[in-house]
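S.K.: Would you be able to build a 3D model of this:
(chains A, B, C and D)
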Protein chains: 2
Amino acid sequence: MSKDERKPESALRGPEGRVAEARPRNWLVPVILLSLKDWSSYGYELMERASTFGFEAMNPGTLYRTLRQMEKEGIVESTWETSKGGPARRMYSITDAGKAYLDFWAKSLEQYQQTMDTFFRLYTGQPLRPEKKGEEKK
Amino acid sequence: MSKDERKPESALRGPEGRVAEARPRNWLVPVILLSLKDWSSYGYELMERASTFGFEAMNPGTLYRTLRQMEKEGIVESTWETSKGGPARRMYSITDAGKAYLDFWAKSLEQYQQTMDTFFRLYTGQPLRPEKKGEEKK
DNA sequence: GTATATATATGTAAAATGCACATAGAGTAT
DNA sequence: ATACTCTATGTGCATTTTACATATATATAC
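M.R.: Numbers count the residues shown, from 1 in each chain, chains lettered A, B, ... in the order given. Below is the predicted model of the structure:
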């Protein structure tokens, strides 16, 4: 990735100028963990792989900072790799705690997919009916 | 909803204490708009309805602030309703701009779902394979 | 009258994200 | 040799989003 081909990552905006992009929060962490689950890797490479998940506009600062934070939390660990040509790389690998976290996250994701399905059904289909005065819950 | 049965809204945390919730950012706005699309409503009621979308732990402060902000942006509008018993309610209804915004958001949400599907397929199924040195893209 | 449910709101802090910039090794062209 | 580019990692600061604690007021039930 050459230094000037980075796309601007300013968020999409809807008709009213408000940000209208369904981006998950904390998405970056699970993406990194999933990547590291099978092959250890380093920041620069992870950045490129992240595009697979729609993270094309990934910003280096955020990625590197997140990696360091994740290491502090014990879900990844790193060592310097100086053997290959070019600048040294900090090679990251996932820890057992990291795997556990990823599993946990995946479960949470399942739940959220259901929630979004509900949203869509209501959006495209039958309207959301509120209780009337006489039939309040309990 | 009585004053003390509010659940703590601290986010779900994974094994390492890290937040593990696949909720998209700014989720609240489309949820409100979808609710208002069919029936005008007010904050307190919206809060209860929001639970339908997995917003059980919605916090009043955030909701009311968001509603005011949305009004400033012109995607909802409000009037005071004093006719009914109890404290006055600020009744909100969706504007045309709000409908447009909701449509816009829904499109973005579809993309988001695809991204999550991809994530899930990679998580459960075939591993994510990085290019090896000899076979770089292009 | 005082406790409770209803209803709206603000002030402040913390967390997440974005943007701009800084640094440096190694290879390639001039 | 030196300038340029690609690779690679990072920091500082601002903004946006979300969370937490708390304040206020009206009506009804006891």
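S.K.: So for the most centrally placed residue in chain A, what's the pLDDT?
M.R.: Closest residue to the average C-alpha location of chain A: residue A:27 at 1.8 Å, with C-alpha atoms, centre = their mean. Listed pLDDT for residue A:27 reads 86.
S.K.: Check residue A:111 too.
M.R.: 84.
S.K.: Mind jotting down where the helices sit in chain A?
M.R.: Counting by DSSP state H, one finds helices in chain A at the ranges A:28-38, A:43-50, A:60-73, A:96-124.
S.K.: Same list (those helices) but as CSV, adding distance to DNA strand D.
M.R.: Where you see a C-beta, it was placed from the backbone N, CA and C, and this is true even at glycine. Conversion of the helices of chain A to CSV gives the following (distance: least, C-beta to the nearest atom of the strand, whole Å):
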stretch, distance to DNA strand D
helix A:28-38, 12
helix A:43-50, 3
helix A:60-73, 3
helix A:96-124, 13
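S.K.: most tightly surrounded among the ones you listed?
M.R.: Compared across the helices of chain A, helix A:28-38 shows the largest average neighbour count, a mean of 22 (mean count of other C-beta atoms under 10 Å in any protein chain shown).
S.K.: if we can go back for a sec, nearest to DNA strand C, of the helices of chain A?
M.R.: helix A:60-73 (3.1 Å; C-beta to the nearest atom of the strand).
S.K.: and the direction of the closest one versus that of helix A:96-124, what angle?
M.R.: If you take axes from the mean of the first three to the mean of the last three C-alpha atoms, to 10 degrees, helix A:60-73 sits at 130 degrees to helix A:96-124.
S.K.: residues in contact with helix A:60-73?
M.R.: Residues outside helix A:60-73 that contact it (C-beta atoms under 8 Å, 6 or more residues apart in numbering or on different chains): A:28-29, A:32, A:43, A:46-47, A:50, A:76-78, A:90, A:92, A:97-98, B:16-18.
S.K.: Kind regards, and thank you for your time.
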